[in-house]
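# Make a model of this:
(one chain, ligands or ions: 1)
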Amino acid sequence: MMRVGKAVATVAAHRVFRCESLSTKSLNTPANLCSSPISDTTISPELRKMPSAVEAKIAPSMLSSDFANLASEAERMVSFGADWLHMDIMIDVDLQDGYVSDLAKALLLFFPIYQKLADSCHFVQNLTIGAPVIASLRKHTKAYLDCHLMVTNPLDYVDQLSKAGASGFTFHVEVSQDNWQELVTQIKSKGMKPGVALKPGTPIEDVYPLLEGENPVEMVLVMTVEPGFGGQKFIPDMMNKVRTLREKYPELDIEVDGGLGPSTIEEAASAGANCIVAGSSVFGAQDPAQVISLLKTTVNKAQKLVK
Ligand SMILES: O=C(CO)[C@@H](O)[C@H](O)COP(=O)(O)O
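Okay, the predicted model is just below:
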């Protein structure tokens, strides 16, 4: 019981932070995010000594939704018990491939500035949504919008995504070695929760610097598939990263994304993941509410928040 109180208080502190920033922008604040404005000072000294635990947050990946009905799909997921909505922001304009390649190569050769443009556009082999869609969706939902940026220049999107109503802003460590401090500062200054993501081939040690020091990120997203598409197979080896991270950071939000569902949740939850992104397993289920509930209960049991 007491451990539940500690976790709720920790989570509430995060939520209050985002709610304040949303309200300054006259957005409707998510009722479920603002209902318990527990400040850290309300945690008793006894609770502070309790082993920590982090609450489950289940985030259906809207990449698997019917984009033509995004608002009603979002509403459906929230009514089924989703805590967050996961928004995959992917940009791929590969100027070096395809029918523009000759022109692009010539430009790259003579005008190095075009290399910057090419690099800035290419991260995954897919194109999904951007700030205009987030802004449209925000008009229809108060839910926490957990935005995962699969782009090579995340800094360029902080302002527009904040204005669009994003709640979380997760960027990739692979493309932010040089400017993550500035990124985190800007993301926080806009009232969003900063997170860092890593691809399957990236060692977990690469995110440690972003978790230490004065201005840390508040979530790590461990990709359990190669970023780019929904419906891929979960890579179990990634659980070593989650386990290592959980041992080192007991109170950190650790998110996993890719191939999560009833058949893989036990493995992810017991390794220590508490934020679960699930696309095809939720949207493709006959009873999505039941899947969301199963994912949540499995995480909360692993965190010993429920029996
Ligand atoms: O970001 C991605 C893929 O890059 C994910 O968010 C997927 O959308 C998850 O889908 P499933 O693997 O759960 O179907």
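# Do a quick rundown of the helices in this protein.
Counting by DSSP state H, the chain has these helices, from start to end: 2-24, 31-34, 45-48, 70-79, 101-110, 113-121, 131-138, 158-164, 180-189, 208-211, 239-248, 265-271, 280-283, 288-302.
# What count of nearby residues applies to the residue of the chain at minimum distance from the ligand?
Taking Cβ to the nearest ligand atom, the ligand has its nearest neighbour within the chain at residue 279, 2.8 Å off. To be clear about C-beta, it is placed using only N, CA and C from the backbone, and glycine gets the same treatment. When counting by other Cβ atoms under 10 Å, one arrives at 25 neighbours for residue 279.
# Kindly report the same for residue 145.
Around residue 145 there are 25 other residues, counting by other Cβ under 10 Å.
# can you list the domain ranges for this structure.
52-91+127-302, 94-124 (automatic domain parsing).
# Just give me the lowest mean pLDDT stretch among the ones you listed.
Lowest mean pLDDT within the domains of the chain: domain 94-124, at a mean of 55.
# Close to the ligand: what parts of the stretch 51-200 of the chain are there?
Within the stretch 51-200 of the chain, the positions near the ligand by Cβ under 6 Å from any ligand atom are 61, 63-64, 86, 88, 148.
# picking that back up, how about the residue of the chain closest to the ligand, what does it touch?
60-61, 63-64, 86, 230-231 (Cβ atoms under 8 Å, 6 or more residues apart in numbering).
# ok, now residue 155?
179, 182-183, 186 are the contacts of residue 155 under Cβ under 8 Å, 6+ apart.
# quick one: contacts for residue 238?
By Cβ under 8 Å, 6+ apart, residue 238 lies in contact with 200, 222-224, 256.
# most packed of the domains of the chain?
domain 52-91+127-302 (a mean of 20; mean count of other Cβ atoms under 10 Å).
# Distance from the chain centre to that domain, please.
From the chain centre to the centre of domain 52-91+127-302 is a distance of 2 Å (Cα atoms, centre = their mean, to the nearest Å).
# Could you double-check that residue 73 lies in contact with residue 65?
Yes: Residue 73 is within contact range of residue 65, at 3.9 Å (criterion: Cβ atoms under 8 Å).
# And the pLDDT for residue 28?
pLDDT, residue 28: 30.
# show me the contacts for the residue nearest to residue 133 when sequence neighbours are not counted.
Leaving aside its chain neighbours, residue 133 sits nearest to residue 70 (7.1 Å; criterion: Cβ to Cβ, 6 or more residues apart in numbering). The contact partners of residue 70, taken as Cβ under 8 Å, 6+ apart, are 62, 133, 136-137.
# Equivalent analysis for residue 128, please.
The contact partners of residue 128, taken as Cβ under 8 Å, 6+ apart, are 63, 88-90.
# same question, residue 90
Applying Cβ under 8 Å, 6+ apart, the residues contacting residue 90 are 123-124, 126-128, 150-151, 227-228.
# Check residue 184 too.
Taking Cβ under 8 Å, 6+ apart as the test, what residue 184 contacts is 194, 210, 215-217.
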